[in-house]
Each structure stands twice: as C-alpha cells, then as structure tokens.
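Visitor: any chance you can model this:
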Amino acid sequence: MTVKEELTEGSGEHDGYVPSQRRLDRERYKRARARRATAIGALSTLVTGAVVYLVVVNAPGWPRTKETFFDWGYAREAFPKVLEGLWLNVRLLLVCGAAVLVLGMLIAVARTLRGPVFFPLRVLAAAYTDFFRGLPLIINLMIVVLGVPALRLQGVTVDPVVLGGTALTLTYSAYVAEVFRAGIESVHPSQRAAARSLGLGNRQALRYVVLPQAVRRQVPPLLNDLVSLQKDTGLVSIGGAVDAVRAADIIVGRSLNYTPYIVAGLVFVALTIPMTRFTDWVTARMDRRRAQGGTT
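Guide: A predicted model of the protein is given here:
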C-alpha cells in the first residue's frame, strides 16, 4: 500500500479528502528516515557485539574463565534446582510486595496528617523512613535474621524466610512511603478544598479524592520499587533460606564451579525484564495522556 493510499484510507475516502503532495513527501521522508535509523541501529549493535565478543574470547584468561563460569554441564545440573528455589523468591515478592504497599501507605498518610495532635505520629513516621532508608538492606537482614533468634523470645518465629521477608518489608516500606507521600503532596490543595465544600470530611476527602489521584500518579515509581524488591528477595539466602541464590550456592560449594551463579542471575533477569518493560509501558502511557491534557 502506498503512502497516498494509507493516508486516504486513514482519513476516510467518503470525505473526499486527498492528501497534498507536500504531505505525501513529508510522510515518505519520515518513513525513509525511520528505516535508515533502524538500519544504523542494527548495524551499530552488531558491530559493538562483535567487538565485545572478540575482546572477551581473545583475552588470555578466557579458557579458564569459560571453564569456571560457563560450563554447560553444571548449568544443566543447576537449572532445575535454581528454578525450584526461585518459587520461594516469587512467593516472597508477592507477600512482601503486598505488605510493603499497605505499610508504606499507612506511613505516608501518617506523615501527611494535619493538626498539632498528630505531631508525635508524624515524627515517628519520619524517623521510621529516615532510619530504614539510611540503613543498608543487607545489614537490616543480618540484624533481623540473626539477631531475632538470638533473643529467644517465646512465640516469635525463627524461620529465616519469615524473618528475611520482614526485613525486606521494613526497608522497602520506607521507600514506598516516600513515593506515596510525594503523590499525596502533588495533589493540589484545591482538590481537598473542593471535597470539603461538598460536605466531605478530612478522612473522606483523603480516601475518595486525594489518595486515588496520588496512587495513580505514582504507579511508575511504585513499579520500579517492586522490580528492585524482586531482585533483593535473593538476599534472604544469607539466613539459610533455600531460594534461587542459595540453591546455586550449594552447587558452587560442592563443585567449586561458578556456573550456577550465572544461571541464577539469568533467571532473575528473565523474571525482571517483563516487569521492567511493563513499567516503561505504563510510564509512556501516562506521559502521553498528560501531554494530551488527560487525567494524570
């Protein structure tokens, strides 16, 4: 189909519209430019990949590195065990992700409460976010996973999976709380004032007017935090939980071959890419709607 036929069909033949020669030339130029950019991009990618490949395979230590990190036999042995351990990471992502969203929302609401009576609550919420955002996640995991069992508290679990999930929730809820708070503060005060003028109380205005807009605006950064959480679930292995990373570590400890780590890394990458692409799609969609004057 020619450019003229496509433009005519897109605009409707029954309207009698015939695109001008200038528009046809413009569309033809855009298409030629797009094809040229695609060809250049593909060529540059191939050249870069070939250069990197040649540099790596011609390195003096490549034979030993290939044997240690890219052994097909160990990869086949590790893959099913890594997949079995990955199910624990997926469950942690689902449970901790839900807990993080709920706790983060509560902390964000606490930080945005108005009135002097809520001052202690605002201080506690601010102290929580400051502390756990500043504390490295791996140290938090060590404190919770190794420190809580040492207390020998009655009725408190010592399961490394539960304790590791708790540490992840504590850390990520601080980050998510700030994302929610930014969304709440981005809603113009006139929205709250309009809700109050309609007879809604502060709680109702927050629930029905402010929070829906705040959450919708903060979907992309929330998804980014969930992507990071998905990767960091592998850190629960430091407490002995047999997830994908720990399953690979067991094989490495027995064979002294690091190929299982490569397998575990590739599995995490394969799990992360769909969510990353979904985040990019959501972000682009919201940017288009915002540019068109739609609801943000």
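Visitor: which stretches of this structure form helices?
Guide: Applying DSSP state H to the chain gives helices spanning 3-11, 21-57, 62-69, 72-112, 119-134, 137-142, 148-151, 160-186, 189-197, 202-205, 211-217, 219-232, 244-255, 259-291.
Visitor: could you dump these into a markdown table and include distance to Ile238 and mean pLDDT?
Guide: C-beta here means a position set from N, CA and C on the backbone, and glycine is covered the same way. Converted to a markdown table, the helices of the chain look like this (distance: least, CB to CB, whole Å; pLDDT from 0 to 100):
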| stretch | distance to Ile238 | mean pLDDT |
| --- | --- | --- |
| helix 3-11 | 58 | 53 |
| helix 21-57 | 31 | 90 |
| helix 62-69 | 22 | 89 |
| helix 72-112 | 14 | 92 |
| helix 119-134 | 18 | 93 |
| helix 137-142 | 6 | 93 |
| helix 148-151 | 13 | 87 |
| helix 160-186 | 8 | 92 |
| helix 189-197 | 45 | 81 |
| helix 202-205 | 42 | 79 |
| helix 211-217 | 33 | 82 |
| helix 219-232 | 11 | 87 |
| helix 244-255 | 9 | 90 |
| helix 259-291 | 14 | 84 |
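Visitor: looking at those helices, which one is packed in the most?
Guide: Highest mean neighbour count among the helices of the chain (mean count of other CB atoms under 10 Å): helix 160-186, with a mean of 22.
Visitor: next, the angle helix 119-134 makes with that one.
Guide: Between helix 160-186 and helix 119-134, the angle comes out at 120 degrees (axes from the mean of the first three to the mean of the last three CA atoms, to 10 degrees).
Visitor: could you check the angle helix 219-232 makes with helix 160-186?
Guide: Going by the same axes, to 10 degrees, helix 160-186 is angled at 160 degrees with respect to helix 219-232.
Visitor: check the offset of helix 160-186 from the chain's centre.
Guide: Helix 160-186 has its C-alpha centroid displaced from the chain centroid by 13 Å (CA atoms, centre = their mean, to the nearest Å).
Visitor: what's stretch 61-78 in contact with?
Guide: The contact list for stretch 61-78 (CB atoms under 8 Å, 6 or more residues apart in numbering) reads 56, 59, 247-248, 251, 255, 257-264.
Visitor: change it to 6 Å
Guide: Stretch 61-78 is contacted from outside by Ala248, Ile251, Asn257, Tyr258, Thr259, Pro260, Ile262, Val263, using CB atoms under 6 Å, 6 or more residues apart in numbering.
Visitor: could I get these as TSV with distance to Ala42?
Guide: Output for those, formatted as TSV (distance: CB to CB, whole Å):
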residue	distance to Ala42
Ala248	34
Ile251	38
Asn257	36
Tyr258	33
Thr259	31
Pro260	34
Ile262	27
Val263	29
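Visitor: so which of those is the closest to Ala241?
Guide: Among the contacts of stretch 61-78, Ala248 lies closest to Ala241 (CB to CB), at 13.2 Å.
Visitor: pretty sure the closest one contacts Ile262?
Guide: No. Between Ala248 and Ile262 there is no contact under CB atoms under 6 Å: 8.6 Å.
Visitor: for the spatially most central residue of the chain, which non-adjacent residue is spatially closest?
Guide: For the chain, Val227 is the residue whose C-alpha lies nearest the centre (CA atoms, centre = their mean; 2.3 Å). Once flanking residues are discounted, Val227 sits nearest to Met275: 5.3 Å by CB to CB, 6 or more residues apart in numbering.
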